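Enquirer: predicted model follows, preceded by the sequence.
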Amino acid sequence: MSGTCRCDFDLPAKERELARVREDALAPDLWDDQARAQRVMKDVARLELIISTWQRLESEFSDLQALLELAEETDGDERAALLLDANADVAAVEREFDALEVRLTMGGEYDTRNALLSLHAGAGGTEANDWTEMLLRMYLRWAEKHSFKTEILAISNGEEVGIKSVELRIEGDYAYGLLRSERGVHRLVRLSPFNSAGTRQTTFALCEVLPEAAPEDSESIEIRPADLRVDTYRASGNGGQNVQKNDTAVRITHLPTGIVVTCQNERSQAQNRESAMLVLQSRLLEREIERLEVERAKIKGEHVEAGWGNQIRSYVLHPYKMVKDMRTGQETSDAPAVLDGDLDPFINAYLRQRVGVEEEVTP
C-alpha cells in the first residue's frame, strides 16, 4: 500500500459524524429550508461514500494478505498464478487508496463546494487569447472526465481568435477543493501559429478559482442594494437572436470594494442578474477568506497570490514537450494529454504537498 499518506483517517469519528448528519436528515422540518436540506443530504452521501470505500479497502487488504499467505504455502505454477493475481489486486487497491487519500486531504471549510474558475489572457494579444482558450478547453475536458457539470457564465472573445477572459462555473463534489491548485499564472512556450517569423514565443494566462457562495455565508457577506450599481447591455457572441436584440447582459458593480462582475450567457436579464450576483457573492467570500488567512494562515493552506510574478506551471511545446509544476516539481513529457484534461497528477501532487505544509506549520 502507499507509503506516502500524510493524512490521518479516523473511521470511528467519521461514523459518528455520519450518525449526526443522518439525525439531521430525519428532522421533520428539514425540507422547510430547501438549501439546507440539500446540503445535509449531500453531506450524508459524501460521508457514506468515504466510509464505505474505506471499509471495502480494509476488507480487500485482508483478502490480499490471505492470498499472499496461501501463495507462500504453494510452489510452482500455482504459486506464480497466485502472485500474479495478488499483484493485480494490489495495483487496483493502490489506485483506490490513492484516490481516497487525496479526498481526505480536502478537509477545508469550502473544499466540498462548487468552483468558479476565471481565466484571463496576459500580455501578447492574439497569442495570449489563443492560450486562454486552450486552457478553457483543458478545464472543460478535465471536468468532463470527472462527470462535473460546467456552465460558462461570461466570456469575452478576442478580436481575431481565442478569448480575453471567461468565467466558468464547475459543479460537483470537491470541485473547489480540487481546482484550488490551479490558481495562479500558467505559462506557454511554443512556436506560435500567429508568428510569421516562426520563432518561439512565450505567453501567459491567469487562472482564478473561487468557492461558490452558499446561503450560510450570508452572515459574513452582507450585500446591500444601495451598494450595487447594475447596468444592462446587449450581449456579444453566441446566444441567438434574443441575446443580440435585447439588453440581456448584466454588469454589477459593488461600490464599496470596486468589484465588477458580468454575466451574458443566459437568455434573460433576470437569469444573468442571478448568475452575476452568485459570482459577486463568491468574490466577496474570497475576500473574507483572504482576510482570515492573514489572521490565521490556515483556511486555505499555501496561498498563491493571483499576480503575474507567480507562475505556477509551464507548458512547453517547443523545442521539446514538457509540462512542469513549479511548486511541486511534478512534470510529464505528455503535454498533449495534459492539455486534453489529464490534470489529476498535478492536482494530487499539490494536495499532498499542501497537507505536508500544514503539518509543518501546525504547532
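Expert: In hand now; what should we look at?
Enquirer: how is residue 213 assigned, secondary-structure-wise?
Expert: Under the three-state scheme (DSSP: H, G, I helix; E, B strand; the rest coil), residue 213 adopts coil.
Enquirer: ok, now the one 3 residues further on?
Expert: Using three-state DSSP, the structure places residue 216 in helix.
Enquirer: the strands in this protein, which residues?
Expert: 115-121, 149-157, 163-171, 184-191, 200-211, 228-233, 249-254, 259-263, 311-316, 322-325, 331-332 (DSSP state E).
Enquirer: out of the ones you listed, which is the most enclosed?
Expert: Of all the strands of the chain, strand 115-121 carries the top mean neighbour count, a mean of 24, counting by mean count of other Cβ atoms under 10 Å. Where you see a C-beta, it was placed from the backbone N, CA and C, and this is true even at glycine.
Enquirer: outside of that one, which residues touch it?
Expert: 128-129, 131-132, 135-136, 139, 153, 158, 162-170, 175-176, 178-180, 182, 205-212, 278-279, 282 (Cβ atoms under 8 Å, 6 or more residues apart in numbering).
Enquirer: hmm, 6 Å instead?
Expert: 128-129, 132, 135-136, 164-170, 175-176, 179, 205-210, 212, 282 (Cβ atoms under 6 Å, 6 or more residues apart in numbering).
Enquirer: got the domain ranges for the protein?
Expert: Residue ranges for each domain of the chain read 11-105, 115-211+305-361, 218-296, as given by automatic domain parsing.
Enquirer: shaky segments in this protein?
Expert: 1-9, 236-246, 293-310, 355-363 (pLDDT under 70).
Enquirer: which secondary structure elements does the lengthiest helix in it contact?
Expert: Identified as the longest helix of the chain according to DSSP state H is helix 34-72. In terms of contacts (3 or more Cβ pairs under 6 Å, 6 or more residues apart in numbering; DSSP states H and E), helix 34-72 is packed against helix 11-25, helix 76-105.
Enquirer: need the winner for burial among these.
Expert: For the helices and strands packed on helix 34-72, the highest mean count by mean count of other Cβ under 10 Å goes to helix 76-105, at a mean of 15.
Enquirer: just checking, what packs against that one?
Expert: helix 34-72, helix 344-361.
Enquirer: helix 11-25 and that one, what's the angle between them?
Expert: Counting by axes from the mean of the first three to the mean of the last three Cα atoms, to 10 degrees, helix 76-105 lies at 50 degrees to helix 11-25.
Enquirer: could you check the angle helix 76-105 makes with helix 34-72?
Expert: Using the same axes, to 10 degrees, the inter-axis angle of helix 76-105 relative to helix 34-72 is 160 degrees.
Enquirer: what is the neighbour count of the residue nearest to residue 259 when sequence neighbours are not counted?
Expert: Distances taken as Cβ to Cβ, 6 or more residues apart in numbering put residue 283 closest to residue 259, at 5.3 Å, once the chain neighbours are dropped. Neighbourhood size, residue 283 [other Cβ atoms under 10 Å]: 20.
Enquirer: looks like residue 283 contacts residue 260 (just checking).
Expert: No - counting by Cβ atoms under 6 Å, residue 283 stays clear of residue 260, with 9.5 Å between them.
Enquirer: spatially central, which residue of the protein would that be?
Expert: Nearest to the mean C-alpha position of the chain, by Cα atoms, centre = their mean, lies residue 179 at 2.0 Å.
Enquirer: spit out the contact partners of it.
Expert: By Cβ under 6 Å, 6+ apart, the residues touching residue 179 are 115, 209.
Enquirer: swap the cut-off to 8 Å and go again
Expert: Residue 179 touches 115, 117, 139, 170, 209, 347, counting by Cβ under 8 Å, 6+ apart.
Enquirer: how much space between it and residue 115?
Expert: Residue 179 is 5 Å from residue 115, where distance means Cβ to Cβ, to the nearest Å.
Enquirer: with residue 70 instead?
Expert: From residue 70 to residue 115 the distance is 47 Å (Cβ to Cβ).
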